[in-house]
Structures are given as C-alpha cells and as structure tokens.
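**Student:** How does the following fold in three dimensions:
(one chain, ligands or ions: 2)
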Amino acid sequence: MHDRASGLPRSSTTSERGLTRTRTQVVIVGAGPAGLLLGQLLLRAGIDAVILERRSAEYVLGRIRAGVLEQGTVDVLHQAGVGARLSREGLVHEGVEIGFRGRRHRIALKELAGKSVMVYGQTEITRDLMDIRAAGNGKTVYQADEVALLDWQNASPRVSYRKDGVTHEIDCDFIAGCDGFHGVCRASVPSDRYQAFERIYPFGWLGLLADAPPPWNELIYANSERGFALASLRSPTRVRCYVQCSLEDRVDQWSDARFWEEFRQRIGEGAIGDLARAASIEKSIAPLRSFVVEPLRFGRLFLAGDAAHIVPPTGAKGLNLAVSDVFYLYEALRDHYRERDERPLDHYSTRCLRRIWKAERFSWWMTRQLHQFPGDAFSKRMQETELEYLFESRAAQTSMAENYVGLPL
Ligand code: FAD
Ligand code: DHB
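**Tutor:** Ligands and ions are numbered 1, 2, ... in the order given. Okay, here's the model as predicted:
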C-alpha cells in the first residue's frame with residue numbers, strides 16, 4: 001500500500017550500518033490511553049501508525065488512575081470499537097454526593113444535566129485498547145529507550161529510539177506527542193515557542209485500592225476540617241478511596257489502618273461500613289497541578305492529553321480531556337489523508353484549547369471548594385459560602401452537573 005501524501009510505501013524497512021529505518025504515516029509517542037486510542041482510531045481509518053512506549057505493557061497497566069468517564073468519552077470509545085466490555089461492566093452513575101459539615105448533599109447529574117457518567121477504570125480502557133491493537137496487528141514498541149524527535153519542524157519528520165542495543169529511525173508525516181506530562185515531546189520544543197500556564201497546589205492525594213464491596217452507591221467528595229476525601233469505586237467488589245495529604249508524605253508512612261481511620265473521620269461514620277478491615281492492593285501519592293501549554297501544534301508535532309495539559313483530579317477530567325484531544329486530532333488527520341483538507345489540522349490547537357480551559361476552570365473550582373488550603377480566614381469563609389450556595393441553588397447545582405458530566409465535544 002502507498003501513502004497518498006508522500007508517494008512512499010506506507011511501511012518499509014531498510015537496515016544499514018546497524019541502524020534500521022522504517023516509514024509510517026504517524027508516529028505516536030506514548031501508549032497511555034491517549035496514544036492507544038489515537039492508534040486505534042487511525043487503524044480503523046486505514047492510517048498507518050507506530051506507537052513508541054518507554055515502559056513495558058505490564059508497567060502501563062499497573063498504574064492506577066482515572067475512574068470516571070463522561071458520556072462523550074464513552075461514545076468515542078464505542079466509535080473506536082472498544083465499547084463492548086465497557087457496556088457490560090461499566091457502572092452508570094446518575095448523581096454524585098458532596099459531604100460537608102457531617103451532611104451529604106446529592107447533585108442529581110442526570111436530572112439536572114440530562115446525562116450520567118460511567119465508572120470504568122483507566123486500567124480497563126488501556127487493557128481493552130491494548131487487546132484490540134494486538135488483534136489488529138497495530139505496531140507498538142514497548143520499552144523503547146531514548147525516543148528523540150528529529151526534524152519535526154519540517155515536512156519530513158523522523159523519530160529515533162533505541163531497543164535492545166539497536167538504534168531505529170522512523171520517517172513519518174506527523175508526530176503525535178501522547179507521552180504525558182514528563183514526556184519527551186513537549187520537552188523537545190524550545191520554550192520560547194509556547195506559553196505555559198501553571199498552578200501547583202500545596203497538597204497531594206493519597207489513593208488506596210482494595211477488594212471490598214463499596215458501602216456507597218455514588219461517589220462522595222467530602223470537604224472536612226481534616227482535609228478532602230473521595231469515596232470512589234471500580235466495580236461492585238472494588239473500592240478506590242483518596243485522602244488529601246501533605247506533599248512531604250510518603251506512602252510507607254500510611255499503613256492501611258492509618259488510611260482507613262483518616263478516611264473514616266473525613267467521609268463520616270455512616271459511609272465507611274466494614275472497609276476498615278479491607279487490605280490495600282495499591283497505594284500511591286499524586287501531586288495536584290493545573291497546567292496548560294499554548295499552542296498544541298508545532299510544525300508536524302501535535303501534543304495531546306497530559307503532554308499538553310494537567311488538571312487536578314478533583315473534577316475527574318484528565319482522561320476525558322485526553323480523549324477529546326485525541327478525537328479532534330484523529331478527525332484532523334483523517335481529513336488530511338482522505339480529503340487533503342489541512343484546515344482541521346490548522347484549527348487543532350484552538351479547537352482543543354476551548355474545551356481544555358473550561359475543564360481547567362471546573363477542576364480548579366472543584367479543588368478550591370473541597371480541600372483545606374493554608375490561608376486566610378476570608379478565603380475559608382468564601383469556600384464555606386460557595387458550598388452553602390451550591391446546596392441551596394438549583395442553578396449552581398445545574399452548573400456543576402453540566403460540567404461534571406462533560407461539556408459537548
Ligand atoms: P499518560 O497516561 O501519562 O500516558 C503517557 C504515556 O507516555 C505513558 O505510558 C508513559 O510511560 C509514556 N512516555 C512518557 N515519556 C515517554 C518517552 N520519552 N518515550 C516514550 N513513551 C513515553 N482523569 C479522569 O478523566 N477521570 C478521573 O477520574 C481521573 N482520576 C485520576 C486520579 C489520579 C490519582 C490521577 C493521578 C489521575 C487521574 N486522572 C483522571 C487523570 C488521567 O489519569 C490522565 O489525565 C490520563 O492518564 C492521561 O492520559 P495520557 O495518555 O495523556 O497520559
Ligand atoms: C476517581 C478519581 C477522581 O479524580 C475523581 O474525581 C473521581 C474518581 C477514581 O479514581 O475513581
């Protein structure tokens with residue numbers, strides 16, 4: 001098969017002086033949910049892509065992260081052909097609860113915003129995407145070391161990497177930087193080519209995963225005097241819980257007993273059930289950050305997902321934003337190859353950023369209202385008043401609900 005844009009074979013390999021040289025249409029850096037989903041959408045559109053991932057597949061699957069999917073994300077996953085298990089095993093949630101001063105207030109998502117969310121772990125999405133990629137013979141190179149972007153400012157970019165002592169170079173039309181916040185793609189762009197916006201929060205989240213039936217029916221986000229806590233789940237037999245912690249804390253300072261005692265005090269006696277006896281199967285600490293880079297396109301390089309932006313996890317938006325970026329990039333690449341229409345590629349940054357900033361605002365707002373911040377008495381009163389207003393006002397609840405279920409793609 002030949003590539004219409006370049007006239008070269010879509011995939012070819014030559015080997016000279018210990019260096020292999022291959023050609024593809026799109027090199028995707030990173031096999032997190034963004035990279036794997038883009039690979040799958042392109043595969044279905046007949047566009048050739050190679051994914052380069054620094055870690056092993058097992059390592060990628062071992063990272064416990066997101067759990068809440070917007071309806072728009074679910075729709076894109078169906079379009080990508082990975083909706084079957086999601087439909088069977090995903091749990092539809094029509095509301096969430098906010099805990100404050102010993103009471104729980106329900107935000108009726110479905111009733112107020114007309115949509116629900118789905119609880120289905122990022123690990124499961126990643127597994128589904130890995131399986132379908134393997135079945136479709138999509139090429140993914142795991143444990144690809146020293147990935148380097150070459151000539152990404154020109155019409156003929158290349159990406160090199162090392163694997164098992166051999167250097168490989170891939171010629172391509174485009175590079176998709178789906179390599180997360182600490183990846184190589186954004187780091188390859190000189191800092192005077194973009195503007196970065198950042199806010200670092202003075203605390204982290206300690207997360208715990210345990211095999212125990214969740215004693216709650218819907219997620220509970222709790223603002224307590226001792227700090228934030230979140231009661232979430234992965235399935236009818238698995239809970240995922242978080243507590244706000246100090247940035248200096250280490251996981252080994254948090255025994256299961258200490259975690260459950262803190263969680264009980266923050267989430268409330270009525271919510272915790274028998275969980276204090278559940279043994280953890282994973283515990284990790286994540287810092288909280290808001291970050292956006294503008295633009296998202298640099299010549300032939302396009303950033304998507306956490307490579308381009310970070311939200312604090314409170315609004316459950318990170319994975320959902322990665323999916324909307326990838327969907328826009330997929331549509332733009334499809335139009336480039338099928339219609340020779342460059343406009344969607346030109347508009348990629350602007351289209352993504354409109355949605356990104358709204359999710360940034362919502363995640364910042366949720367974080368602001370639910371955590372304990374070091375600060376002055378005025379800010380604390382503002383936080384209390386904001387929550388009281390939310391519980392009393394249907395308009396405020398509708399605003400929260402429409403953002404939580406996800407703004408239109
Ligand atoms: P990543 O998942 O970070 O994937 C990037 C990949 O690139 C990685 O596999 C990495 O190994 C690879 N890579 C990095 N550097 C290189 C390199 N040099 N060469 C090759 N490969 C490289 N989001 C939600 O929507 N809902 C939630 O409920 C939610 N909860 C969260 C809870 C926590 C505790 C955390 C930490 C995050 C949460 N998120 C949530 C955010 C979500 O997990 C991320 O936004 C999502 O993982 C982004 O996907 P990504 O593919 O862009 O990046
Ligand atoms: C989960 C994580 C979040 O950040 C969130 O807002 C809701 C749920 C989770 O991991 O289950």
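**Student:** okay, which residue is most central for this structure?
**Tutor:** By C-alpha atoms, centre = their mean, the chain has its centre lying nearest to Leu319, at 2.4 Å.
**Student:** Contact partners for it?
**Tutor:** By C-beta atoms under 8 Å, 6 or more residues apart in numbering, the residues touching Leu319 are Pro33, Arg65, Ala66, Leu69, Thr73, Gln122, Ile125. C-beta coordinates here come from the backbone N, C-alpha and C atoms, glycine included.
**Student:** hmm, whichever helix or strand it is part of touching ligand 2?
**Tutor:** For Leu319, the host element (DSSP states H and E) is helix 318-339. No - Helix 318-339 stays clear of ligand 2 (C-beta under 6 Å from any ligand atom), getting no nearer than 7.6 Å.
**Student:** re the thing from before, what's the closest non-adjacent residue to the residue nearest to the centre of the chain?
**Tutor:** In space, and not counting its chain neighbours, Leu319 is closest to Ala66: 4.0 Å by C-beta to C-beta, 6 or more residues apart in numbering.
**Student:** one step back: what residues of the very next helix or strand once past the helix holding Leu319 count as buried?
**Tutor:** With elements assigned by DSSP H and E, the helix or strand that comes after helix 318-339 is helix 343-370. Neighbour-count burial for helix 343-370 flags 344-345, 348-349, 351-353, 355-356, 359-360, 362-370 (criterion: 16 or more other C-beta atoms under 10 Å).
**Student:** And the single nearest residue of the stretch 51-200 of the chain relative to ligand 2, its phi and psi?
**Tutor:** For the stretch 51-200 of the chain and ligand 2, the shortest gap (C-beta to the nearest ligand atom) falls at Gly67, measuring 2.6 Å. When quoted as degrees, to the nearest 10, the phi and psi of Gly67 stand at phi -140, psi -10.
**Student:** Identify the residues contacting it.
**Tutor:** Neighbours of Gly67 in contact, by C-beta under 8 Å, 6+ apart: Val119, Tyr120, Gly121, Gln122, Ser232, Leu233, Arg234, Arg240, Ala316.
**Student:** hmm, stretch 68-77 touching ligand 1?
**Tutor:** Yes - Stretch 68-77 lies within reach of ligand 1 by C-beta under 6 Å from any ligand atom, at Val68.
**Student:** Please put the alpha-carbon coordinates of that stretch into PDB.
**Tutor:** Extracted in PDB, the C-alpha atoms of stretch 68-77 (Å, rounded to 0.1, in the frame of the first residue of the first chain):
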ATOM      1  CA  VAL A  68     -14.900   8.300  35.800                       C
ATOM      2  CA  LEU A  69     -15.900   8.700  32.100                       C
ATOM      3  CA  GLU A  70     -18.100  11.300  30.600                       C
ATOM      4  CA  GLN A  71     -20.800  10.200  28.100                       C
ATOM      5  CA  GLY A  72     -18.700  11.800  25.300                       C
ATOM      6  CA  THR A  73     -15.700   9.700  26.200                       C
ATOM      7  CA  VAL A  74     -17.900   6.500  26.200                       C
ATOM      8  CA  ASP A  75     -19.200   7.500  22.700                       C
ATOM      9  CA  VAL A  76     -15.700   7.900  21.300                       C
ATOM     10  CA  LEU A  77     -14.600   4.500  22.800                       C
END
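**Student:** which residues are contacting that stretch?
**Tutor:** Residues from elsewhere that reach stretch 68-77 (C-beta under 8 Å, 6+ apart): 37, 83, 86, 90, 93, 115-120, 125, 128, 219, 232, 316, 319-320, 323-324, 326-327, 405-406, 408-409.
**Student:** quick revisit: now, which of the contacts of Leu319 lie within strands?
**Tutor:** Mapping the contacts of Leu319 onto strands (DSSP state E) picks out Leu69.
**Student:** And the furthest pair within the contacts of Leu319?
**Tutor:** Across the contacts of Leu319, no pair lies farther apart than Arg65 and Thr73, at 13.8 Å, counting by C-beta to C-beta.
**Student:** When those two are compared, which one has more neighbours?
**Tutor:** Ranked by neighbour count (other C-beta atoms under 10 Å), Arg65 and Thr73 place Thr73 first, with 27 against 18.
**Student:** pLDDT wise, what is the more buried one at?
**Tutor:** The model reports Thr73 with a pLDDT of 98.
**Student:** For it, give its distance to Met118.
**Tutor:** 8 Å (C-beta to C-beta, to the nearest Å).
**Student:** for Gly136, same thing?
**Tutor:** 24 Å.
**Student:** okay, those two: which has more neighbours?
**Tutor:** Neighbours per residue, other C-beta under 10 Å: of Gly136 and Met118, the larger number sits with Met118, 19 against 12.
**Student:** Flag every residue of this structure that's near ligand 2.
**Tutor:** For the chain, the contact set with ligand 2 under C-beta under 6 Å from any ligand atom comprises Ala66, Gly67, Val68, Leu219, Leu230, Ser232, Arg240, Pro313, Thr314, Ala316.
**Student:** Check which helix or strand Phe391 maps to.
**Tutor:** Going by DSSP H and E, Phe391 is in helix 377-392.
**Student:** Just the angle for the very next helix or strand once past that helix relative to helix 343-370, thanks.
**Tutor:** The helix or strand immediately downstream of helix 377-392 is helix 394-404, counting by DSSP H and E. If you take axes from the mean of the first three to the mean of the last three C-alpha atoms, to 10 degrees, helix 394-404 sits at 130 degrees to helix 343-370.
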